[in-house]
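[1] Here's my sequence, what's the structure:
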Amino acid sequence: MAETALTPAAPDRPLTLEEKKAAARARARAARQAEAGGEAFVTISPAAAAYIRSSAAEQGRPEGVRLRILAGGCSGLEYKLDLLEPGETAAAGDREVVSNGVTMLMDLKSAIHVTGSVIDYEDGLLRRGFRINNPNATSTCSCGDSFGA
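    Below you'll find the model as predicted:
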């Protein structure tokens, strides 16, 4: 994936506190600009949208997901993706994205961490599940379920 203005190439050393703060400010700025410009914070690929639609239909739920970023995982932060509950809508402070016909809800903190990301779904011999290509991640674990910022 091409480097973006949000995240310079990861150095061969741990980031300093000042570098981490500067990266967090850049992520917050990008999230505000995306929201003001009406851009999607996150893009859901056609494969991921199809999987979400089929899973929602099987469980009688709306065609949408809630994305949360939680402390934990191998790299410090982990992704949590859940189908929307029937009747669930964006709460105060939530960000709502519609991509490929699927609604995604997320809180501001999560939106800041994933602005510019693409959520894809793969179904292969070695791996089955969502793959999040996050340009804001300074490190990732090998399973792809967690990242560092």
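[2] contacting residues around the helix or strand hosting residue 70?
    Counting by DSSP states H and E, the element that carries residue 70 is strand 64-71. Strand 64-71 is contacted from outside by 42, 52, 56, 77-84, 88, 102-107, 109-110, 113-114, 119, using CB atoms under 8 Å, 6 or more residues apart in numbering. Where you see a C-beta, it was placed from the backbone N, CA and C, and this is true even at glycine.
[3] okay, stretch 46-53 in PDB with CA atoms only?
    Taking Å, rounded to 0.1, in the frame of the first residue of the first chain, the C-alpha atoms of stretch 46-53 are listed here in PDB:
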ATOM      1  CA  PRO A  46     -17.300  -5.100  -2.400                       C
ATOM      2  CA  ALA A  47     -16.200  -8.500  -0.900                       C
ATOM      3  CA  ALA A  48     -16.600  -7.200   2.700                       C
ATOM      4  CA  ALA A  49     -19.900  -5.600   1.900                       C
ATOM      5  CA  ALA A  50     -21.200  -8.900   0.400                       C
ATOM      6  CA  TYR A  51     -20.100 -10.900   3.400                       C
ATOM      7  CA  ILE A  52     -21.700  -8.300   5.800                       C
ATOM      8  CA  ARG A  53     -25.000  -8.400   3.800                       C
END
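[4] Pull out the buried positions in that stretch.
    Buried residues in stretch 46-53, defined by neighbour count with 16 or more other CB atoms under 10 Å: 47-49, 51-52.
[5] ok, back up a step: looking at the contacts of strand 64-71, which are in helices?
    The subset of those located in helices under the criterion DSSP state H comprises 52, 56, 109-110, 113-114.
[6] Once you drop chain neighbours, what's closest to the residue minimising distance to the centre of the chain?
    The chain has residue 114 as the residue nearest its centroid, 4.1 Å off, counting by CA atoms, centre = their mean. Spatial nearest neighbour of residue 114, chain neighbours left out: residue 42 (5.4 Å); criterion: CB to CB, 6 or more residues apart in numbering.
[7] pLDDT at that neighbour, what is it?
    Looking at residue 42, its pLDDT is 86.
[8] Next: residue 148.
    pLDDT, read off for residue 148, is 60.
[9] one step back: what comes up buried for the strand holding residue 70?
    Buried residues in strand 64-71 (16+ other CB under 10 Å): 64-67, 69.
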